[in-house]
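Colleague: Predicted coordinates and the sequence they were generated for:
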Amino acid sequence: MSIMYKSTRSNSEKVTASQAILKGLAEDGGLFVPDRIPALDVSLESLAGLSYQETAYEVMKLFLSDFTEEELKACIAGAYDDKFDTTDIAPLVKKDGAFYLELFHGRTIAFKDMALSILPYLMTTSAKKNGVKNEIVILTATSGDTGKAALAGFADVPGTSIIVFYPKDGVSPIQEKQMLTQKGENTNVVGIIGNFDDAQTGVKKMFHSKELAERMDAKGYQFSSANSINIGRLVPQIVYYVYAYGQLLKQGEITCGETIHVVVPTGNFGNILAAYYAKNMGIPIETLFCASNENKVLYDFFQTGKYDRKREFILTSSPSMDILISSNLERLIYKIAGEDAEQTKALMDSLTSEGEYEITEEMKAQLDCFAGGFATEEQTSETIRKVYDAADYIMDTHTAVASKVYYDKAAETGKKTVIASTASPYKFTRSVMNAIYQGKYDSMSDFELVDELNKISGVKVPEAIEEIRTAPIVHDLVCDKSEMQKMVENILGL
């Protein structure tokens, strides 16, 4: 039976997967969720023998049921090819007792490539399936990684254009240069004076504006999203958790049916929600450890059942997690509320108006497969240094947050644990080198630090870094957070 998609905030008419991908966000402001989580229809044993591409098909065919086999396999083949620097696509590496699922071997050396390599294919296929004539404008907020991955994915894709907003002072220098040097006639990058939550709120407001939608339609445009609010982003992320289980089986590290833990560094909650969906599909995951940095709004939520964004916003060395409004949590709230759209909307409205909400004890009882943990800035650095000393393995700051939570919470259980390694250390060279050498290289430029990291790690400098060393800046737009819609209107000539 086909999977259909519905909004978390109303009981409005269901849409197909391709329609949900095109819309990005439901018209009532809710997020699209599948009307049921399908069970894997291949055996756990067989996962050990599947390639990444084959695993992707087995997972995605269940969620994207209005795509034909030919369409879906073409999207997968186009996405997971030599853009990745390893045929494994997402290698599973054992270091100091844990299994690091390396999700950074794509074009922009961050886990967002895993989904954003395929989203343009899903989007253009969806447009053809639904007879869309308008140009699709991908409107996206980024805390650092989504922006570059989306820009790279959609650059010069016919029938699309992309506008990315990012916090001007809230990303790493290399993250910023990756975005500002992005080529493509249809790409636009705008720094805002504000933080990621401001950028995300501004984007959502534009999605909600019927007046703006009408003006855009008159000019031949319509919005969609590359953020993880788009189900076309979330579904491909489920794949790598299924693949990781298959790789553990293939490596002889677990027996079929043996349960594992998963630790995910989390900001917007999409990456760990994908692991939750994998668990609900039948992957034997016992506990999902949600790892936060000092912006530990999610840690506090799992401890207390209260989500409270009324706190200081802290800029950390793991900027992709510097988020106080975790959009994808809404999908989990809807699930544990018994798919009660009215209750979900009331909680989300409370977050907007009061800055907080609290779930019921009945809802909290359904979160027993989740556990929260967090790492301070000092602990993040200590963990980078600890794993380097113990295993000669260098990780980025976000992965280090997850690794710290692994040592604190999961290691002592003795259960095999997969850590989602979300970015290459080359993306955060200054923080990584400072962690290992404690200020020894403070006077070096970011690219001098890249070369030093190459010397100590023996890991080849990724092409994503080499190509921006001397690349010219092609995007220089900056605006206040209050002027985001005006900037979009100017870019589109409305």
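Modeller: Perfect, I can see it now. Numbers count the residues shown, from 1 in each chain.
Colleague: Might one say that residue 371 is in contact with residue 406?
Modeller: No. Applying Cβ atoms under 8 Å as the test, residue 371 and residue 406 come out as separate, 11.2 Å apart. No exception for glycine: its C-beta is placed from N, CA and C like everyone else's.
Colleague: Are there residues contacting both of these two? Which ones?
Modeller: residue 289 (Cβ atoms under 8 Å, 6 or more residues apart in numbering).
Colleague: Of these two, which one has the most company?
Modeller: Per other Cβ atoms under 10 Å, whichever of residue 371 and residue 406 has more neighbours is residue 406, with 26 against 19.
Colleague: how about the nearest residue to residue 142 once chain neighbours are set aside, phi and psi?
Modeller: Nearest in space to residue 142, with sequence neighbours left out and distances taken as Cβ to Cβ, 6 or more residues apart in numbering, is residue 166 at 4.8 Å. Here is the backbone geometry of residue 166 (degrees, to the nearest 10): phi -140, psi 150.
Colleague: ok, now residue 471?
Modeller: Per degrees, to the nearest 10, the backbone of residue 471 is at phi -70, psi 140.
Colleague: again, but for residue 385
Modeller: Per degrees, to the nearest 10, the backbone of residue 385 is at phi -70, psi -40.
Colleague: Show the contacting residues for it.
Modeller: Going by Cβ under 8 Å, 6+ apart, the list of residues near residue 385 reads 435-436.
Colleague: what residues are up against the residue nearest to residue 142?
Modeller: Contacts of residue 166 by Cβ under 8 Å, 6+ apart are 141-144, 147, 176, 179, 189-192, 196, 199.
Colleague: Would you format those as JSON lines with distance to residue 61 included?
Modeller: Shown next, in JSON lines, are the contacts of residue 166 (distance: Cβ to Cβ, whole Å):
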{"residue": "141", "distance to residue 61": "30"}
{"residue": "142", "distance to residue 61": "29"}
{"residue": "143", "distance to residue 61": "31"}
{"residue": "144", "distance to residue 61": "32"}
{"residue": "147", "distance to residue 61": "29"}
{"residue": "176", "distance to residue 61": "38"}
{"residue": "179", "distance to residue 61": "33"}
{"residue": "189", "distance to residue 61": "35"}
{"residue": "190", "distance to residue 61": "37"}
{"residue": "191", "distance to residue 61": "39"}
{"residue": "192", "distance to residue 61": "39"}
{"residue": "196", "distance to residue 61": "34"}
{"residue": "199", "distance to residue 61": "34"}
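Colleague: Tell me how many other residues crowd residue 358.
Modeller: With other Cβ under 10 Å as criterion, residue 358 counts 14.
Colleague: Residue 153 now?
Modeller: Neighbours of residue 153 (other Cβ under 10 Å): 27.
Colleague: Secondary structure element holding it?
Modeller: Following DSSP states H and E, one finds residue 153 within helix 145-154.
Colleague: Quick one: residues in contact with that helix.
Modeller: By Cβ under 8 Å, 6+ apart, helix 145-154 touches 106-108, 110-113, 116-117, 119-120, 138, 140, 142, 160-162, 164, 166, 175, 178-179, 182, 184, 186-187, 189, 226-228, 320, 422-423, 427.
Colleague: which of the residues you listed count as buried?
Modeller: 106-108, 110-113, 116-117, 119-120, 138, 140, 142, 160-162, 164, 166, 175, 178-179, 182, 186-187, 189, 226-228, 320, 422-423, 427 (16 or more other Cβ atoms under 10 Å).
Colleague: the strands in the stretch 151-300 of the chain, which residues?
Modeller: Along the stretch 151-300 of the chain, the stretches classed as strands by DSSP state E, counting those that start in this stretch are 160-167, 187-193, 221-224, 260-265, 285-292.
Colleague: Just the buried residues of the shortest one, please?
Modeller: Okay, so that is strand 221-224. So for strand 221-224, counting by 16+ other Cβ under 10 Å, buried means 221-224.
Colleague: what's the average pLDDT for it?
Modeller: The average of the pLDDT scores along strand 221-224 is 93.
Colleague: Show me what it packs onto, helices and strands only.
Modeller: helix 17-23, strand 135-141, helix 210-218 (3 or more Cβ pairs under 8 Å, 6 or more residues apart in numbering; DSSP states H and E).
Colleague: Can you give the contact residues for the second one?
Modeller: Spelled out, it's strand 135-141. Residues outside strand 135-141 that contact it (Cβ under 8 Å, 6+ apart): 22, 123, 127, 146-147, 150, 154, 159-166, 196, 199-200, 202-203, 206-207, 216, 220-227, 488, 492.
Colleague: re earlier: would you mind checking which of the contacts of residue 166 is nearest to residue 92?
Modeller: For the contacts of residue 166, the residue nearest residue 92 by Cβ to Cβ is residue 144; the value is 24.4 Å.
Colleague: and the closest one, backbone torsions?
Modeller: Residue torsions, per degrees, to the nearest 10, at residue 144 are phi 140, psi -50.
Colleague: My guess is it contacts residue 319. True?
Modeller: Yes. Counting by Cβ under 8 Å, residue 144 does reach residue 319; the two are 5.0 Å apart.
Colleague: still on that earlier bit, can you pull up the bridge partners for the residue nearest to residue 142?
Modeller: residue 191 (DSSP bridges).
Colleague: Now do it against residue 244, distance only.
Modeller: 30 Å (Cβ to Cβ, to the nearest Å).
Colleague: Kindly report the same for residue 487.
Modeller: 40 Å.
Colleague: Which one's more surrounded, those two?
Modeller: Taking other Cβ under 10 Å, residue 487 and residue 244 do not tie; residue 244 has more neighbours (27 against 19).
Colleague: The more buried one against residue 90, yeah?
Modeller: Yes. At 7.4 Å, residue 244 and residue 90 qualify as touching, with contact defined as Cβ under 8 Å.
Colleague: Would you mind grabbing the residues shared as contacts by those two?
Modeller: Common neighbours of residue 244 and residue 90 (Cβ under 8 Å, 6+ apart) are residue 101.
Colleague: residues contacting the closest residue to residue 156 other than its chain neighbours?
Modeller: Sequence neighbours aside, residue 184 is the residue nearest to residue 156 in space, at 4.9 Å (criterion: Cβ to Cβ, 6+ apart). Residue 184 sits next to 151, 154-156, 162 when contact means Cβ under 8 Å, 6+ apart.
Colleague: and these, which are buried?
Modeller: Counted by 16+ other Cβ under 10 Å, the contacts of residue 184 give 151, 154-155, 162 as buried.
Colleague: Which pair in the residues you listed has the greatest spatial separation?
Modeller: 155 and 162 (7.7 Å).
Colleague: Identify the contacts common to the two.
Modeller: Common neighbours of residue 155 and residue 162 (Cβ under 8 Å, 6+ apart) are 184, 186-187.
Colleague: which one's the longest helix in the protein?
Modeller: Identified as the longest helix of the chain according to DSSP state H is helix 231-250.
Colleague: list the contacts for the residue nearest to residue 189 when sequence neighbours are not counted?
Modeller: Spatial nearest neighbour of residue 189, excluding adjacent residues (Cβ to Cβ, 6+ apart): residue 475 at 3.8 Å. Contacts for residue 475 (Cβ under 8 Å, 6+ apart) come out as 179-182, 187-190.
Colleague: and those residues as JSON lines, adding distance to residue 36?
Modeller: Shown next, in JSON lines, are the contacts of residue 475 (distance: Cβ to Cβ, whole Å):
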{"residue": "179", "distance to residue 36": "38"}
{"residue": "180", "distance to residue 36": "43"}
{"residue": "181", "distance to residue 36": "43"}
{"residue": "182", "distance to residue 36": "38"}
{"residue": "187", "distance to residue 36": "37"}
{"residue": "188", "distance to residue 36": "38"}
{"residue": "189", "distance to residue 36": "38"}
{"residue": "190", "distance to residue 36": "39"}
